[in-house]
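Asks: Have a look at this prediction, sequence included:
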Amino acid sequence: MQQPTRLQDEAARLLARLGVDAALYGEGERAVRTPLTGETIGRVRDASAEEARDLIRKAHEAFLQWRRVPAPRRGEFVRLLGEELRAVKDDLGRLVTIEVGKVPSEGLGEVQEMIDICDFAVGLSRQLYGLTMGSERADHRMQEQWHPAGVVGVISAFNFPVAVWSWNAALAFVSGDAVVWKPSEKTPLTALAVQALTRRVIERFEEAPEHLSVLLLGDRATGEALVDDGRVPVLSATGSTAMGRAVGQRVAARFGRAILELGGNNASIVTPSADLDLALRAIAFGAVGTAGQRCTTLRRLFVHESVYDTLLPRLKRVYSTVSIGNPLDGDVLVGPLFEEAGFRAMEAALEAARAAGGTVHEGARVTEGLPEAAFYVRPALVEMPRQAGPMLVETFAPILYVVTYRELDEAIALQNGVAAGLSSSIFTTDMREADRFLSALGSDCGIANVNMGSSGAEIGGAFGGEKETGGGRESGSDAWKAYMRRQTNAINYGYAMPLAQGVRFDI
Ligand code: NAD
């Protein structure tokens, strides 16, 4: 038998502390590897089709019970979930770093985001407001009520292995729904940890049914079982646009509601009046942070020709000096790519960029002192003659394409000229430019920022994007409405029965 490695040992220790039964990650057909070194750190077993059906049924039964619990009590449940997350933040954050390769502050940040959405949802549990409307009929009134929707299915991607669940689950729980989660097959360990801590809260909370939160491990096939199940009225899916295209159509075919959070191809515009020091820092974090593996990662930069020659050398310096390495071994800003496929996609995109006339700076694999089975890269900065080729699509790796522009409207058209519509930003100190960018004639994205990068959203605002990003909104504002069903009530408190629109029906 092979000796456990240092990281496998550490993952096991963390999982034990987080309350996960060792049998759940010690054996199984699916090997889990850490991108930090490429080594295997656990093994898990996928749910069978029969288990998936059975667990969805149990979650549905849990929903029938949970919907009877008053919303503020459901909020109390989510408050306890937030407390549990606070207690395990360090361990869970560290496990995120080991399983996904994020630098420690981002691993912890992901858990903080889970805590933040719990806090948000607690308040929301007393604010699930419906409107009242004046009726055109005498002695009538109209109102709307928001009722729990049912079982909410959550399919999540590898790059935010736990936060995406919480964006959905915290809102779903206060909405009166049960949740069935199919995490990425590449990040099951953090999912097991979250499931264990959620179960602890369920056990503590008398009104919570056992299967209020259910975990289904598995790949696309398991995801499809959830997608096709008529007992799942709301299906939230986060991942690639290709996945969303398949999932969206299947959910629509059974008249379910899909919340799609798909790929981004995000851009920033640097105008002549921009504060370049601030812009540089924001661009660097947005483009090279998380090794370019956020849906909101900055991938395209449109720089006004008057500031291009000032900004570009400074950017090049960042790209040639930014620290890269195993985030557990030292203070680095860029960790590994998650897997070899990401590295191959990056190589192919850089090749295509050269073919389209681009000049590539940096972007090579970094191997010195790093394990062979891991994929570390120096982020790439690509000067493009125009927006073309690989610049039009998302490559899930740290590549930033830069193009010059003359007129703001031209830059906005370029920014909007791709299929994705997630995040965008402008750097300017000219208020006309800022507001033009935010106006109906400006950015067509779900997220449009001023003097910030495209990356690093916070809880409170609705998160999501347009076009091929899928149109879903999660986490903030009135995103909760997607997890509930709206019922319009008309009430007659008089003795006559007038009909709307003056229609007569005298019998
Ligand atoms: P992916 O599409 O490969 O997988 C995402 C999830 O979907 C996994 O759980 C996978 O098993 C499941 N899946 C795949 N095909 C399916 C199908 N046909 N039916 C049901 N389930 C299916 O994505 P990934 O590589 O894990 O993540 C990276 C992608 O996710 C990037 O495109 C990134 O931009 C996107 N992303 C978007 C957001 C957002 O909020 N918009 C957030 C994070 C990641």
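Replies: Right, received. Where do you want to start?
Asks: my read: residue 420 touches residue 470, true?
Replies: No. Using Cβ atoms under 8 Å, residue 420 makes no contact with residue 470, being 9.4 Å away. The C-beta positions use only the backbone N, C-alpha and C, and glycine is treated the same way.
Asks: intersection of neighbour lists for those two?
Replies: Here residue 420 and residue 470 share the contacting residues 241, 262, scored by Cβ atoms under 8 Å, 6 or more residues apart in numbering.
Asks: Comparing these two, which residue is more hemmed in?
Replies: Neighbour totals were compared for residue 420 and residue 470, and residue 470 leads with 28 against 24 (other Cβ atoms under 10 Å).
Asks: Phi and psi next, for that one.
Replies: Phi and psi for residue 470, reported as degrees, to the nearest 10, are phi 110, psi -20.
Asks: Kindly provide the distance from it to residue 260.
Replies: The span separating residue 470 from residue 260 equals 3 Å under the rule Cβ to Cβ, to the nearest Å.
Asks: list residues touching both of these two?
Replies: With contacts taken as Cβ under 8 Å, 6+ apart, the residues that reach both residue 470 and residue 260 are 237, 244, 248.
Asks: Just among those residues, which is most surrounded?
Replies: Ranking these using other Cβ under 10 Å puts residue 237 first, with 29 neighbours.
Asks: mind saving the C-alpha coords of the host helix or strand of it as CSV?
Replies: Using DSSP states H and E, residue 237 maps to strand 234-238. Listed in CSV are the C-alpha atoms of strand 234-238, where the atom choice follows Å, rounded to 0.1, in the frame of the first residue of the first chain:
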residue,chain,number,x,y,z
VAL,A,234,-35.8,25.1,-9.6
LEU,A,235,-32.4,24.1,-10.9
SER,A,236,-29.4,26.4,-10.4
ALA,A,237,-26.4,25.5,-12.5
THR,A,238,-23.0,27.1,-12.4
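Asks: does the helix or strand following it come close to the ligand?
Replies: Downstream of strand 234-238, the next assigned helix or strand under DSSP H and E is helix 241-253. Yes. Part of helix 241-253 sits near the ligand under the criterion Cβ under 6 Å from any ligand atom, namely 243, 246-247.
Asks: Can you check these and name whichever has the most neighbours?
Replies: Sorting the residues of helix 241-253 next to the ligand by how many neighbours each has (other Cβ under 10 Å) puts residue 247 first, at 26 neighbours.
Asks: That one and residue 235, how far apart?
Replies: To residue 235, residue 247 is 7 Å away according to Cβ to Cβ.
Asks: Next, show the common contact partners of these two.
Replies: Common contacts of residue 247 and residue 235, defined by Cβ under 8 Å, 6+ apart, comprise 155, 227, 258.
Asks: list the buried ones in stretch 49-61?
Replies: Buried positions in stretch 49-61, judged by neighbour count with 16 or more other Cβ atoms under 10 Å: 51-52, 55-56, 58-60.
Asks: part of a strand, is residue 382?
Replies: Yes. The secondary structure assignment for residue 382 places it in a strand, going by DSSP: H, G, I helix; E, B strand; the rest coil.
Asks: Report the beta-bridge partner residues of it.
Replies: Beta-bridge pairing for residue 382 (DSSP bridges): residue 360, residue 401.
Asks: what about the helices in the stretch 301-450 of the chain?
Replies: With DSSP state H, counting those that start in this stretch, the ranges of helices along the stretch 301-450 of the chain come out as 305-321, 340-355, 408-416, 431-438.
Asks: Now tabulate those helices in TSV and tack on mean pLDDT and mean neighbour count.
Replies: As requested, the helices of the stretch 301-450 of the chain are exported to TSV (pLDDT from 0 to 100; neighbours: other Cβ atoms under 10 Å):
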stretch	mean pLDDT	mean neighbour count
helix 305-321	98	14
helix 340-355	98	17
helix 408-416	98	19
helix 431-438	98	16
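Asks: Mind checking the ones you listed for the one nearest to residue 160?
Replies: If you check each of the helices of the stretch 301-450 of the chain against residue 160 by Cβ to Cβ, helix 340-355 wins as the nearest, at 15.3 Å.
Asks: Any idea how far that closest one is from the middle of the chain?
Replies: Counting by Cα atoms, centre = their mean, to the nearest Å, helix 340-355 is centred 24 Å from the centre of its parent chain.
Asks: For the stretch 251-400 of the chain, what lies in contact range of the ligand?
Replies: Taking Cβ under 6 Å from any ligand atom as the criterion, the contact residues of the stretch 251-400 of the chain with the ligand come out as 261-264, 295, 394, 396.
Asks: if you set the cut-off to 5 Å instead, what comes out?
Replies: Of all the residues in the stretch 251-400 of the chain, those in contact range of the ligand (Cβ under 5 Å from any ligand atom) are 261, 263, 295.
Asks: From these, keep the buried residues only.
Replies: Buried subset of those (neighbour count, 16+ other Cβ under 10 Å): 261, 263, 295.
Asks: Nearest to residue 478 among those?
Replies: Residue 478 has its nearest neighbour among those in residue 261, at 16.4 Å by Cβ to Cβ.
Asks: Tell me how many other residues surround residue 253.
Replies: Counted with other Cβ under 10 Å, the burial measure for residue 253 works out to 10 neighbours.
Asks: Serialize the shared contacts of residue 470 and residue 260 to JSON lines and add fields for pLDDT.
Replies: JSON lines is the format used below for the shared contacts of residue 470 and residue 260 (pLDDT from 0 to 100):
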{"residue": "237", "pLDDT": "98"}
{"residue": "244", "pLDDT": "98"}
{"residue": "248", "pLDDT": "98"}
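Asks: which one of the residues you listed is nearest the ligand?
Replies: Using Cβ to the nearest ligand atom, residue 237 comes nearest to the ligand of the shared contacts of residue 470 and residue 260, at 6.2 Å.
Asks: Wait, that closest one touches residue 263, no?
Replies: No. Applying Cβ under 8 Å, one finds residue 237 not in contact with residue 263, separated by 12.0 Å.
Asks: I'd like the helices of the stretch 301-450 of the chain laid out as CSV, including distance to residue 283.
Replies: Putting the helices of the stretch 301-450 of the chain into CSV (distance: least, Cβ to Cβ, whole Å) gives the following:
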stretch, distance to residue 283
helix 305-321, 7
helix 340-355, 18
helix 408-416, 14
helix 431-438, 16
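Asks: what's the nearest residue to the residue nearest the centre of the chain if we skip its chain neighbours?
Replies: The residue at the geometric middle of the chain, judged as the C-alpha nearest the mean C-alpha position with Cα atoms, centre = their mean, is residue 164 (4.8 Å). The shortest distance from residue 164 to any residue other than its chain neighbours is 4.2 Å, reached at residue 156 (Cβ to Cβ, 6 or more residues apart in numbering).
Asks: give the contact list for the one you found.
Replies: Residue 156 sits next to 164-165, 181-184, 238-239 when contact means Cβ under 8 Å, 6+ apart.
Asks: circling back to that earlier point, out of the helices of the stretch 301-450 of the chain, which is closest to residue 30?
Replies: When the helices of the stretch 301-450 of the chain are ranked by distance to residue 30, counting by Cβ to Cβ, first place goes to helix 340-355 at 16.6 Å.
Asks: Against residue 192, how distant is residue 250?
Replies: Relative to residue 192, residue 250 is positioned 27 Å away (criterion: Cβ to Cβ).
Asks: filter the contacts of residue 156 down to the ones near the ligand?
Replies: Contacts with the ligand within the contacts of residue 156, as defined by Cβ under 5 Å from any ligand atom: 184, 238-239.
Asks: Which one of the residues you listed is nearest to the ligand?
Replies: Ranking those by separation from the ligand, with Cβ to the nearest ligand atom as the measure, puts residue 239 on top at 2.6 Å.
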